[in-house]
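**Student:** Give me a 3D structure for the following:
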Amino acid sequence: MSHHTLTLNEAGKTAEEPDRRFHLILAEATQNSAIAAMVNMLWEMRRKMPMWQKLHEVISQLEDRPNWTDDRRAVDDHRRILAAIRARDSQRAEDAMRAHLDRVRQTLLEVSEMGQLD
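**Tutor:** You can find the predicted model right below:
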């Protein structure tokens, strides 16, 4: 999955759909339909929210940040998560996923604190 995301990015296409699929595949792998449904619902809400579209615009315009849809850091995060899962190292997988979510949360907080979402 991560390689596919990187390939799409290099071709100049958005990484949002492969990113969504990556997270949905992980949720479905839990074999917990409630988790899978929740992750799917969150992605749908994200897709429909005007504020999320504005976040994409602001992040992609910042000179010191990569384009939100071409975020090599997310690809690297996904690779670490996938490698830990393949190694059956649950602690490393959990740590990698937490680091990924923390990084994304921090990026979103930094942009929202800039006051450019109005």
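**Student:** Beyond the worst-scoring helix or strand of the chain on mean pLDDT, next helix or strand please.
**Tutor:** Within the chain, no helix or strand scores below helix 2-10, which has a mean of 44 by mean pLDDT, DSSP states H and E. Counting by DSSP states H and E, the next helix or strand C-terminal to helix 2-10 is helix 16-29.
**Student:** so how far is that following helix from its chain's centroid?
**Tutor:** Its chain's average C-alpha position is 9 Å from that of helix 16-29, according to CA atoms, centre = their mean, to the nearest Å.
**Student:** With just CA atoms, put it into PDB.
**Tutor:** Below are the C-alpha coordinates for helix 16-29, written out as PDB (Å, rounded to 0.1, in the frame of the first residue of the first chain):
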ATOM      1  CA  GLU A  16      -5.800  11.000  -0.400                       C
ATOM      2  CA  GLU A  17      -7.500   7.900  -1.800                       C
ATOM      3  CA  PRO A  18      -4.600   5.500  -1.200                       C
ATOM      4  CA  ASP A  19      -4.200   7.100   2.300                       C
ATOM      5  CA  ARG A  20      -7.900   6.400   3.000                       C
ATOM      6  CA  ARG A  21      -7.600   2.900   1.700                       C
ATOM      7  CA  PHE A  22      -4.500   2.300   3.900                       C
ATOM      8  CA  HIS A  23      -6.400   3.300   7.000                       C
ATOM      9  CA  LEU A  24      -9.500   1.300   6.000                       C
ATOM     10  CA  ILE A  25      -7.500  -1.800   5.300                       C
ATOM     11  CA  LEU A  26      -5.900  -1.500   8.800                       C
ATOM     12  CA  ALA A  27      -9.400  -1.000  10.400                       C
ATOM     13  CA  GLU A  28     -10.800  -4.000   8.500                       C
ATOM     14  CA  ALA A  29      -7.900  -6.100   9.500                       C
END
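**Student:** mind listing what's buried in that helix?
**Tutor:** For helix 16-29, the neighbour count (16 or more other CB atoms under 10 Å) marks 16, 18-20, 22-23, 26-27 as buried. Using the backbone N, CA and C atoms, a C-beta is placed for each residue, glycine as well.
**Student:** Then stretch 78-97?
**Tutor:** Of the residues in stretch 78-97, those with enough neighbours to count as buried (16+ other CB under 10 Å) are 78-82, 84-85, 93, 96-97.
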